[in-house]
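> 3D model of this:
(one chain, ligands or ions: 2)
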Amino acid sequence: MANQDHDLPLYEKVWLKRTFQRVIDTLILFLLLLLLNNRVFSSHNFTFPWLLAFICESWFTFTWIVILNTKWSPAVTITHPDRLLQRVQELPPVDLFVTTADPVLESPIITVNTVLSLLALDYPANKLACYVSDDGCSPLTFYALLEASKFAKFWVPFCKKHNVQVRAPFRYFSDVTINNNEDSLEFKQEWLQVKEMYDNLSRTIEEVTHKTTPFQLDGEFAIFSNTEQRNHPSIVKTVKLEDEKVNLPLYEHVTSFVETAKFTYIFPISVPIEVMVLTRLKNKKALIYMTYEQVILENKEGLFDGLPHLIYVSREKRPQYHHNYKAGAMNVLTRVSGLMSNAPFMLNVDCDMVVNNPKIVLHALCIFMDSQKGKDVAFVQCFQQFYDGIKDDPFGNQWVAAFEYIIRGMAGLQGPFYGGTNTFHRRNTIYGLYPHEIETEIKGKLEEDILIQQFGSSKEFINSAAHASGGSVYSANDITPSNFIEAATQVANCDYECGTFWGKKLGWLYGSISEDVPTGLNIQRKGWRSECCTPDPIAFQGCAPRGLLSTVIQQKRWGSGLTVVFFGKHSPLVCMLFGKVQFRAGLSYFWLTNWGLRGAFLVCYVALIAYCMIANTSIFPQGLVLWIAISVFVIYNIHTLSEYLTIGLSITHWWNNQRMCVMRTTTAWFIGFLSAMLKLSRISDTVFEITEKEHTASGADGNNADAGRFTFDESPVFVVGSTILLVHLTAMLIMFLGLQPTPIGNGCGVGELICSTYLVVCYWPYLKGLFIRGKYGIPLSTICMSSVFALVFLHFCTSNIIT
Ligand SMILES: O=c1ccn([C@@H]2O[C@H](COP(=O)(O)OP(=O)(O)O[C@H]3O[C@H](CO)[C@@H](O)[C@H](O)[C@H]3O)[C@@H](O)[C@H]2O)c(=O)[nH]1
Ligand SMILES: [Mn+2]
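Ligands and ions are numbered 1, 2, ... in the order given. Here you go, the predicted structure:
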């Protein structure tokens, strides 16, 4: 290898020039400031509505500054896995985390596909360990994984042999068919065989999932009897050894294992690659532990081309302990994996995020391992992109433009925010280290009692954490996850974290249902950077909510979780003032953390406009200044439209996103904001509601009559939406019928009318929903409630309380 080669970076960062965009952005800002200026200096109408308008408009201008700042210096990263492979002697181990929480909303077949795609990554199998956290404590999920691990023994070699790109079987088989003319006979045969196996697998899993009779909880599954999702009792599991065909050469191995690990019991299955299923034996100690782990697949021989370890983890749940949702699950996975494989890097994906680029680990490592720029990179974030997205994004949940402009923009600053999935982390940063500590082995040298205070009382875990912090890893050959079952059980217990730093200073942070954002901020606060990784083909593909109902659940959660972050200890402002988050990076975090607040301000403004129309007053200026306001509106729309068109999105896509932005801000984010306020004032807590992942194996939305159509239910989100619509319809009616009272000041003008019309046009799906019954219509109860609210508002406006 030429010396020169060594100097080439493993990744490059290229800043994009978007000069024209900057000019227009600045023009809009200039006009907004002009309008604000006009409001302050040339208005003589200092009433309460005026003040409210001034506050809201200042907020909108501030939001625009935040957006402009975020978009200003976009960057892309280009990675060179070929250089990495040439340069490093040995690739580092990587732990893979998958979280699932509900076998109904997240069908096990989805999780299975994600896991299979991870097992088949183009990376030495002995360097990978895949951990599945099941917060649903579901025997179905466990069963599905067991079945999948059998299939994996054929699937993984098939993918590697034929260099398959999409390694989630349901995606592969719906995309790729055999070509009789081009494909070899061997390929065709294998394809058919593997396809049949997959069809069997998915049929078996579907059958078990949809069986109306309860799942037979015997044999290996006895461990699941008497468990509840939120309350797992002590579980003792027995395995009938004689049912399995025993592979003799493995026998020796197994007996020695049973001697060393008293509380575990192994039986091998006769398979080409060693597969072991572990379970705990009945013993006193196990009765105290209320969680269990199963090692499903163990690559004990450390075979390069074998299968990665696959470990099922379901942490203990007790009603008296808060389980902290996904953040809690991630911390358990961090500890369990720390014991079992302790890889210096970990990848975390949601259960629906399948690998789309099998070389993604190499791409991400290019960033971490670059000797110049990689040292202070804490995490590598891949975009969230979606398969089978409904055409033109009717619910605005595919975020294509946001990724292109906002996240790439953040990438040019201190780095993208942590998005909760598709992310590679350094184990060290999760353990709370600062960039400069990485090479000084600080944690490794800490006193044991300090480590116990921070990391909890497991000796084995502290040992492994010290190892990790010191930069040394277990060598790939001593990895035997099953040796650590007992210790892993302990660190997955509810009370393990009591009094420790977990969730407060270490790992995934608790307190917000958008755990990802504060976790990322807490890392960047220490001076770490992050990078985007956007290789071609794209890294992962997930399942975007397919209906309005699940979109609303997601949006409400974000609106609420992000507001909690905004006002919390890890708000961007705090991290900027007291931490090492750079000014512009901190400001860009406002784009994200103020979603809930945006809801509050926009609802205020929308109400104000309706008030003006009903009470016949005006918040908008007349004459030239009104024209400036109208031109801001027009320029803004043309500008965003051109941004969409530039990246190949359609006009419909743009319009769908625009109107969805208005709708979700004034409904879901607003409700999220209210629930965050209740949480912050300790009146009620917020709950992580899981979004449904629909499994459409056929890959088309044609078979789904609901695709893209708005469906409604009794959610308070729709009450807010319908109220806003009814109020504006009434206001327009009053205006057109000439029922307005004598004007206050200039009286209501064209500005208000334009705003109101735009709003009603955005709310068109709601308007239709008012007149349809059934699931496409707004429920009568919701309409009644909204009418009451609208009447109250009307009364309020006409009773001249505020003038
Ligand atoms: O108690 C829980 C709740 C959720 N999850 C898992 O968390 C993931 C994300 O949940 P999902 O319902 O898919 O939420 P989304 O809105 O799709 O997720 C986005 O937003 C979340 C924060 O609100 C992030 O955690 C996610 O990574 C991000 O993709 C899923 O794998 C769940 O199984 C758990 O493990 N335990
Ligand atoms: Mn998701």
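
> would you confirm that Leu145 contacts Tyr312?
Yes. Using C-beta atoms under 8 Å, Leu145 is in contact with Tyr312, at 5.7 Å. (Each C-beta comes from the backbone N, C-alpha and C, glycine too.)

> if you count what's nearby, which of these two comes out ahead?
Leu145 (27 against 21; other C-beta atoms under 10 Å).

> and Val574, how far is that from Asn522?
Look at Val574 and Asn522: by C-beta to C-beta, to the nearest Å, they are 10 Å apart.

> neighbour-wise, which of these two wins?
For Val574 versus Asn522, neighbours defined as other C-beta under 10 Å are more numerous around Asn522 (23 against 16).

> do whatever helix or strand Gly599 lives in and ligand 1 come into contact?
In this structure, Gly599 sits in helix 595-615 according to DSSP states H and E. No. Applying C-beta under 6 Å from any ligand atom, one finds helix 595-615 out of contact with ligand 1, separated by at least 11.4 Å.

> packing partners of the following helix or strand past that helix?
As assigned by DSSP H and E, the chain's next helix or strand after helix 595-615 is helix 624-646. Under the contact criterion of 3 or more C-beta pairs under 8 Å, 6 or more residues apart in numbering; DSSP states H and E, helix 624-646 touches helix 19-41, helix 400-402, helix 651-664, helix 750-762.

> so how far is helix 624-646 off the chain centroid?
Remark: helix 624-646 is offset 32 Å from the chain centroid, using C-alpha atoms, centre = their mean, to the nearest Å.

> mean confidence score for that helix?
Here helix 624-646 scores 96 as its mean pLDDT.

> kindly report the same for stretch 429-446.
Rounded mean pLDDT across stretch 429-446 is 78.

> then stretch 659-672?
The average pLDDT within stretch 659-672 is 98.

> can you classify the residue of the chain found nearest ligand 1 by secondary structure?
Closest contact between the chain and ligand 1, by C-beta to the nearest ligand atom, is at Gly420 (2.3 Å). With DSSP: H, G, I helix; E, B strand; the rest coil as the basis, Gly420 sits in coil.

> swap in the one 4 residues further on?
For Phe424, the reduced secondary structure class is strand; criterion used: three-state DSSP.

> run a quick neighbour tally on it.
Count around Phe424 with other C-beta under 10 Å applied: 27.

> equivalent analysis for Val76, please.
Val76: 15 surrounding residues under other C-beta under 10 Å.

> quick one, what contacts Gln414?
524, 529-530, 581-582, 585 (C-beta atoms under 8 Å, 6 or more residues apart in numbering).

> check which helix or strand covers the residue lying closest to it once chain neighbours are set aside.
Distance criterion C-beta to C-beta, 6 or more residues apart in numbering; nearest residue to Gln414, sequence neighbours excluded, is Ala585 at 3.5 Å. Using DSSP H and E, Ala585 sits within helix 583-593.

> before we move on, what about Cys159?
Here Cys159, judged by DSSP H and E, is contained in helix 139-161.

> so what secondary structure elements neighbour the very next helix or strand once past that helix?
Following helix 139-161 in sequence order, the next helix or strand is helix 169-175 (DSSP H and E). Helices and strands touching helix 169-175, by 3+ C-beta pairs under 8 Å, 6+ apart, are helix 108-119, helix 185-210.

> where do the strands of the protein begin and end?
11-15, 75-79, 94-100, 128-134, 264-269, 275-280, 292-297, 309-314, 345-350, 354-355, 377-381, 423-426, 529-532, 540-541 (DSSP state E).

> relative to helix 139-161, how tilted is the third one?
Here strand 94-100 runs at an angle of 140 degrees relative to helix 139-161 (axes from the mean of the first three to the mean of the last three C-alpha atoms, to 10 degrees).

> is ligand 1 within reach of strand 94-100?
Yes. Against ligand 1, strand 94-100 shows contacts by C-beta under 6 Å from any ligand atom at 99-100.

> that strand vs strand 345-350, what angle?
20 degrees.

> packing partners of strand 94-100?
On a contact count with 3+ C-beta pairs under 8 Å, 6+ apart, strand 94-100 meets helix 108-119, strand 128-134, helix 325-340, strand 345-350.

> from the chain's centroid, how far away is that strand?
Strand 94-100 sits 13 Å away from the centroid of its parent chain (C-alpha atoms, centre = their mean).
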